[in-house]
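In: how does the following fold in three dimensions:
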Amino acid sequence: MINSVRNTVLAIINKNNYGYLSPNDFNLFAKQAQLDLFDEYFFQYNQQINDENSRMSGTGYADLKKGYEEVIDTFSATGSLAQTYTTATTTAPSGLNNVYTLPSESTTGFDYYLLNKVLIYSSITATGINTAVAGAAAGNQLIDAAATFNANLVGNSVSIVLNNNAVTTALITGFVNTTTLTVNTTLITATGKNYKIYSTTNLSAEAELVNNSKITMLNNSLLTAPNLTYPAYTQEANNISLHPNSISSMGQVVAQYIRYPKDPNWTFTTISNGDPIFDQSQADYQDFELPLDDGNDLVSKILQYAGISIREGDVFKFGQVEEQTQNKEQ
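Out: Presented below is the predicted three-dimensional model:
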């Protein structure tokens, strides 16, 4: 979709020789346009809920709320949270081993937009350090010469410390033998990685978000103090603290969250004395992550940014009018 959007934008800009939009500028504007539309999904979703409560929304194919839910869910991700004050070789300082880092590029691979829920694993079925990596299918096997794996582990979750305190969560998909399991990731490419296998059927509970102003009072009460059955967490900066403090194991805390869309990147091959040629085989190529029917909205928003960049008011106004027309039709 990104090449189609760029061609449309260039065609409109070049119609009256307004100017040229470089690939770098286009990628910057495309990123901002995608973020604008992504943010609007949540406002539109809220509006559809209000319409539904006011009996102004339809059902079946007229259920617009369902459409927004499906789009937002495409950005849903689930992963183990890394412990903030620990690495693969050191332990957390006293009293801080219950602190976990919120989803980020360095830990889960995604920056989070909205933390939806925090789940706590309560049953560890195996733990250890991998002693080898797979051969032909490198990265998709958990191998531990000291382990005594069994077929009952298939379907459970394994948390693996890949790099310092970065944790990846994988699903065990196959049993090879008592020392080897197959997992649905290809990231196990080195030995010496700590792992813990948790039973996915034994979740303690969903942790409740509590304000920092209330957690002290809750912890001091025998009736309201958080426990493994009813855990809680507080948020500060880019970290969350789990209560009770006994929630302190690597991979024990799993978050389901809505991530930001990946930055679009129109990649190209440069040719001499000519225009850049679209090349989606480049390693850093990234298409828009929005639905195809958002193509017109993307064009309108990019035109507005481009109009400001090339100082052409007509381009900006055209993009603005197109966006207003789309909003009225919706």
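In: what sits against Asp111?
Out: Contact analysis of Asp111 by Cβ atoms under 8 Å, 6 or more residues apart in numbering lists 103-105, 259-260. Every residue, glycine included, has its C-beta placed from N, CA and C.
In: look up phi and psi at it.
Out: phi -80, psi 140 (degrees, to the nearest 10).
In: neighbour-wise, which of the contacts of Asp111 leads?
Out: Among the contacts of Asp111, the one with the most neighbours (other Cβ atoms under 10 Å) is Pro103, at 26 neighbours.
In: need the nearest residue in space to that one, chain neighbours excluded.
Out: Tyr112 (4.0 Å; Cβ to Cβ, 6 or more residues apart in numbering).
In: that neighbour touches Ile240, doesn't it?
Out: No - in this structure, Tyr112 is not within contact of Ile240 by Cβ atoms under 8 Å, at 11.3 Å.
In: those two: which has the busier surroundings?
Out: Ile240 (22 against 19).
In: next up, identify which helix or strand Ala126 is on.
Out: Element membership for Ala126, per DSSP states H and E: strand 124-129.
In: for stretch 241-248, give me every contacting residue.
Out: Identification of contacts with stretch 241-248 by Cβ under 8 Å, 6+ apart yields 83, 92, 95, 97-100, 118, 120, 207, 210, 215, 218-219, 225-228, 231-234, 253.
In: using CSV, write out the CA atom coordinates for it.
Out: This file holds the C-alpha atoms of stretch 241-248, laid out as CSV (Å, rounded to 0.1, in the frame of the first residue of the first chain):
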residue,chain,number,x,y,z
SER,A,241,5.8,-2.7,40.8
LEU,A,242,3.9,-5.9,41.5
HIS,A,243,2.3,-6.6,44.9
PRO,A,244,2.8,-8.8,46.8
ASN,A,245,6.6,-8.7,46.6
SER,A,246,6.7,-12.4,46.1
ILE,A,247,5.9,-11.9,42.5
SER,A,248,9.5,-11.6,41.6
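In: tell me the buried residues in that stretch?
Out: Neighbour-count burial for stretch 241-248, with 16 or more other Cβ atoms under 10 Å as criterion, is recorded at 241-243, 247-248.
In: what do you get for stretch 73-81?
Out: Buried residues in stretch 73-81, counted by 16+ other Cβ under 10 Å: 75, 79-81.
In: please report the distance of the residue nearest to Pro103 from Met56.
Out: Separation of Tyr112 from Met56 (Cβ to Cβ, to the nearest Å): 32 Å.
In: so after the strand holding Ala126, what's the next helix or strand?
Out: Taking DSSP H and E, what comes next after strand 124-129 is strand 141-143.
In: gap between that next one and the chain center?
Out: Relative to the chain's own centre, strand 141-143 is displaced by 25 Å; criterion: Cα atoms, centre = their mean, to the nearest Å.
In: show the average pLDDT along that strand.
Out: When pLDDT is averaged over strand 141-143, the result is 86.
In: ok, Asn265 touching Gln286?
Out: Yes - contact criterion Cβ under 8 Å: Asn265 and Gln286 qualify, at 4.4 Å.
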